[in-house]
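# Coordinates only, no sequence provided:
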């Protein structure tokens, strides 16, 4: 039988406990998000950072921010019209 591999450490357990202890109140949840955004911005020497709930929301923001969303919307219309496949 393979040796058991720990996937979480003490720090991860502390963070989870902190969130559970807060009873998921938005002020505490917001605090965790703000801490993560600040940490990320500092790590990459940026003024700001934004956390997203999942990868889809992240990619949507990237596409909208880059102006690509308009192109995707046009492509969807053309595909529906069967003008391009």
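Done, it's in. This is a predicted model, so every value here is computed, not measured.
# tell me which element residue 59 falls in.
Counting by DSSP states H and E, the secondary-structure element that holds residue 59 is helix 55-66.
# and that helix, how far out from the chain's middle?
Using Cα atoms, centre = their mean, to the nearest Å, we find the averaged C-alpha position of helix 55-66 to lie 10 Å away from the chain's own average C-alpha position.
# cool, and stretch 69-81?
The chain centre lies 26 Å from the centre of stretch 69-81; the measure is Cα atoms, centre = their mean.
# on that earlier part again, which other residues reach the helix holding residue 59?
The list of residues contacting helix 55-66 from outside it, by Cβ atoms under 8 Å, 6 or more residues apart in numbering, reads 50, 52, 68, 69, 72. Bear in mind the C-beta positions are built from the backbone N, C-alpha and C, glycine included.
# if we go to 10 Å?
Contacting residues not belonging to helix 55-66 are listed as 50, 51, 52, 54, 68, 69, 70, 71, 72, 73 [Cβ atoms under 10 Å, 6 or more residues apart in numbering].
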